[in-house]
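Enquirer: everything below, folded, please.
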Amino acid sequence: MKIGLFTDVYPPDIGGIEVVIGFMERILGERGHEVVTFAPAYPGHRDDGPGLYRLPSVGISKSRNWRLGYSLSGPARRAARDLDIIHSHTSYTVGLLGARVALAQGIPHVHTYHVLLQEYRRAIATGLPRAVLDGWLRLFLRRCDLVVAPSEYAREEVESYGVAVPVRVLPFGLDAADFDRPPLSSPRSELGIEEPHLLLFVGRLVEEKNVGFLLRAFRILCEQREDVRLVIVGDGPGMGDLQKQAGELGIQHRTTFCGYLLRERVIDLNRQADLFVFGSKTESQGLVILEAMMAGAPPVAVDAAGVRDILRSGMDGLLVPEDERVFAACCNDLLSDSERRDAMARSAQDRARDFTAQASVDRLIEIYEELVEQKSCLNATAGR
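Expert: Take a look at the predicted model:
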């Protein structure tokens, strides 16, 4: 099959959606399929990878590296002419371009609902009325032949819009080979970490990731013990404010802001972490949680959204209320009980290996083949 991936987010922007698309491009190619990706162009960034078409775009945020592609260029238009199926990963302008191509050419359109729009509303379009965003999404969903939801929570949110579109729950996994290799670095020594216990967060430094909550909980933990360090990996418009908050809380000397790190180094950091801490309430799945589990870092996470579908609280880690004192107490308990923590680490690794990128892509291929056959039959019937 020739498969078109349409997305409004793509490198140099880095996040969970970009990781999933990267896996899909590679594994679909290994399975013998041709993949063509359509994504916005970013000023100053050039890449000429095969099958990648950058679309003219405009920036929509002064504080975030968000761009919206607004048209298919000549080469992109020609590349889209003989697609067998379209898979969109965002419901914004590039996703809508994909939906239009699918409608014009009579081919199936699959969409993955990566972003919980009801939770992300403020971050995505501050000031837009809810009715406008909900209306946009309903319009988009009506142009889909099937929606893939990474979690039950995401499925429920899609169905809440009242659009009659089939929804399949399919969490996307990781490539276990990335975690089976020997370490490429020694993050503790490179970062100068002397404390025995390391707590790790990985993600964009934006309001919806709730990193401020983690800092407040860590301050309480620091009052209980002196052998811990919090390492924060990621970048974003909230970096300065979070660094300032750490100083105001008096924990700046025990908090390390690393900025963006290559994924290989993040994996090595996860391997050396005692706990992975997570405060976000807006995840459709939480791929970074899965990465931590695969590396053997038991997560302590706020009990919310799609994380529940992956993390079995009490077995692979802990899901706790959004209460700084409770969160700190749970971290303290696990740090004080190495036997329980090690058991959770082993369980987390076993659980994470139930979700592999290869299995996820193979299931997607089955969905693609099913929809292509259905659409072919419908087109043949309509042409009689």
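Enquirer: would you mind pulling up the elements that the longest helix anywhere in the chain packs against?
Expert: In terms of residue count, the longest helix belonging to the chain (DSSP state H) is helix 357-382. Contacts defined by 3 or more C-beta pairs under 8 Å, 6 or more residues apart in numbering; DSSP states H and E place helix 357-382 against helix 16-30, strand 85-88, strand 109-112, strand 146-149. (C-beta placed from N, C-alpha, C; glycine too.)
Enquirer: which residues of the stretch 251-384 of the chain fall in helices?
Expert: Secondary structure of the stretch 251-384 of the chain, counting by DSSP state H, counting those that start in this stretch: helices at 263-272, 287-295, 324-335, 338-352, 357-382.
Enquirer: most packed of these?
Expert: Scoring those by mean neighbour count under mean count of other C-beta atoms under 10 Å gives helix 287-295 as the most buried, with a mean of 26.
Enquirer: what angle do that one and helix 263-272 make?
Expert: Orientation of helix 287-295 against helix 263-272 (axes from the mean of the first three to the mean of the last three C-alpha atoms, to 10 degrees) gives an angle of 60 degrees.
Enquirer: mean confidence (pLDDT) on helix 287-295, please.
Expert: With pLDDT averaged residue by residue, helix 287-295 scores 95.
Enquirer: same question for stretch 130-141.
Expert: 88.
Enquirer: buried set for that stretch?
Expert: Neighbour counts using 16 or more other C-beta atoms under 10 Å place Leu133, Asp134, Trp136, Leu137, Phe140, Leu141 of stretch 130-141 among the buried residues.
Enquirer: a markdown table please, covering the helices of the stretch 251-384 of the chain and showing distance to Val19.
Expert: Output for these, formatted as a markdown table (distance: least, C-beta to C-beta, whole Å):
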| stretch | distance to Val19 |
| --- | --- |
| helix 263-272 | 8 |
| helix 287-295 | 6 |
| helix 324-335 | 26 |
| helix 338-352 | 14 |
| helix 357-382 | 9 |
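Enquirer: who are the contact partners of Leu141?
Expert: The neighbours of Leu141, taking C-beta atoms under 8 Å, 6 or more residues apart in numbering as the test, are Ser91, His111, Val147, Val158, Tyr161, Val163, Val165.
Enquirer: Ile310 now?
Expert: Ile310 neighbours (C-beta under 8 Å, 6+ apart): Ser151, Pro171, Gln285, Gly286, Ile289, Leu290, Met293, Arg351, Phe355.
Enquirer: phi and psi next, for it.
Expert: Per-residue torsions, Ile310: phi -110, psi -50 (degrees, to the nearest 10).
Enquirer: just how off-centre is stretch 102-119 within its chain?
Expert: Put simply, stretch 102-119 sits 17 Å off its chain's centre (C-alpha atoms, centre = their mean, to the nearest Å).
Enquirer: buried set for that stretch?
Expert: 102, 107-117, 119.
Enquirer: how near is the residue lying closest to Leu221 once chain neighbours are set aside to Tyr42?
Expert: Among residues not flanking Leu221 along the chain, Ala328 sits closest, at 4.3 Å (C-beta to C-beta, 6 or more residues apart in numbering). Remark: distance between Ala328 and Tyr42 (C-beta to C-beta, to the nearest Å) = 39 Å.
Enquirer: from the contacts of Leu141, pick the one nearest Asp342.
Expert: Val158 (38.4 Å; C-beta to C-beta).
Enquirer: and the closest one, that's in a helix?
Expert: Yes: assessed with DSSP: H, G, I helix; E, B strand; the rest coil, Val158 lies in a helix.
Enquirer: what is the neighbour count of it?
Expert: 21 (other C-beta atoms under 10 Å).
Enquirer: was I right about it contacting Leu146?
Expert: No: look at Val158 against Leu146 with C-beta atoms under 8 Å: they stay out of range, at 10.8 Å.
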